[in-house]
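In: Take a look and give me a structure for this.
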Amino acid sequence: EWQREGVLIRDDKPALYFLRHRFSLKDKKEKERLGFMALARLEDFSSGRVRPHEATHDAPKEDRLRLMLAAHANLSPIFALYEEPRRMIDRLLAEHVQGTAPHVEVEDKGQSCRLWRVTDEELVRMARREMAPRPLLIADGHHRYEAALQYRERMRAEKPGFTGREAFNYMMMYFANMEDEGLVILPTHRLVRSLPPIPFMKLEEELMRYFYLEPYPKTPEGQRAFLRALAAQGKKHRVVGAALKRDPRYLILRLKNKRFMQRLAADLSAPLRELDVSVLHRLILDHILGFKPEEQVKEGAIAYSQDEEKVLQALDKEDYAAAFILNPTKAGEILEVSEGGATMPQKTTYFYPKLIDGLVLNKLDRDEEIAAEPAR
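Out: This next block holds a predicted model:
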């Protein structure tokens, strides 16, 4: 109906969509992330050309697939990262639009998005040429990407003799450069609903076997000092912040020896074992607290948030047994894990801010073919 009434109008020529996304962090510091939207050919993960970094679950994928089958469109882009230290694409697109009015401008909750439609053929060719050899890392949208792969297979089954150039073989993506100073990764903290019973002294003994413990009192001043110290120590050490409902302390847990993880998580790749989130899930939750991996992934077992202060408040006021505060995972660490073919636990990273949906939609017409791509 929106298409019939002209609410949504399809562009009459191919374009890149250059996006300047300005936002503020919790400390009021302003940032701007640059990127652009375009189509990318869907690739199976086995090709290595598109890499996931987080595990997915079946229910969200089924939900995204139903949406695609109903709308036959990409309603929001996959957030993808690429490496290009010169940042040439962003630089040339920014120069091209300088002094011109954006095609779309949106203000939302203290954020501003300015979007330009770029149809200059030479710039489009340059971007395609530069991106052709570069592998992509999915930052956000793992479930949507896997749903798009399932949608592609369904459409191929309905269209014998497909060429591979049909629109359903492609997905709308937002491409951000890993070198962009505006690329912000926030940690995702954990609130655990319940834990197996364990005597307090035994728990203390187990924690001290594997970690150096640095306690802070559960007071407003103690909480501020605890969060400051956790962030500072995270720059050099593997640390996890912990707060148990029945313990009057906040604890910074610093791993004594990485050989513990080599023994307890031998099935994980070396880069994955090095992450704080792996220490939390394998060593603390599973090995020490007895909260097994199959229990951890059950719906409602763990709540997630990027706001550490709200997490600690929820532990005091709501029905949770423990809270765990993490430092952010670095982009290089994510890349190292994905290059080894491994994935992180769900909700390890949060690329902030999320993209605002609806700036660009991509219609999937199974009879339409996408123009040939440059040679790789």
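
In: Tell me the first helix or strand C-terminal of the worst-scoring helix or strand of the chain on mean pLDDT.
Out: None of the helices or strands of the chain scores lower by mean pLDDT, DSSP states H and E than helix 331-339, at a mean of 87. The helix or strand immediately downstream of helix 331-339 is strand 349-352, counting by DSSP states H and E.

In: Strand partners (parallel or antiparallel) of that following strand?
Out: Strand 349-352 sits in its sheet next to strand 184-187 (antiparallel), going by DSSP bridges.

In: Can you list the strands that the longest strand seen in the chain pairs with?
Out: Longest strand in the chain, counting residues (DSSP state E): strand 30-41. Here strand 30-41 is paired, per DSSP bridges, with strand 16-24 (antiparallel), strand 170-177 (antiparallel).

In: which of the residues in it are buried?
Out: Under the neighbour-count criterion of 16 or more other CB atoms under 10 Å, strand 30-41 has 31, 33-40 buried. To be clear about C-beta, it is placed using only N, CA and C from the backbone, and glycine gets the same treatment.

In: Nearest to residue 78 among these?
Out: Comparing these against residue 78 with CB to CB places residue 40 closest, at 7.9 Å.

In: which ones are touching that closest one?
Out: 50, 78, 80, 136, 170-171, 173 (CB atoms under 8 Å, 6 or more residues apart in numbering).

In: ok, what's across the strand from it?
Out: According to DSSP bridges, beta-bridge pairing links residue 40 with residue 171.

In: Do you know the pLDDT at it?
Out: Model confidence at residue 40, given as pLDDT, is 96.

In: Just give the number of residues close to residue 53.
Out: Look at residue 53: counted by other CB atoms under 10 Å, it has 22 neighbours.

In: quick one: it from residue 183, how far?
Out: 14 Å (CB to CB, to the nearest Å).

In: Could you tell me which residues touch both of these two?
Out: If you check residue 53 and residue 183 against CB under 8 Å, 6+ apart, no residue is contacted by both.

In: Centre of the chain to stretch 228-241, how far?
Out: Centre-to-centre, stretch 228-241 and its host chain are 21 Å apart (CA atoms, centre = their mean, to the nearest Å).

In: can you pull out the helices in this structure?
Out: In the chain, the helices defined using DSSP state H lie at 2-5, 58-71, 88-97, 121-131, 142-158, 200-210, 220-233, 259-264, 270-273, 276-278, 293-296, 308-317, 331-339.
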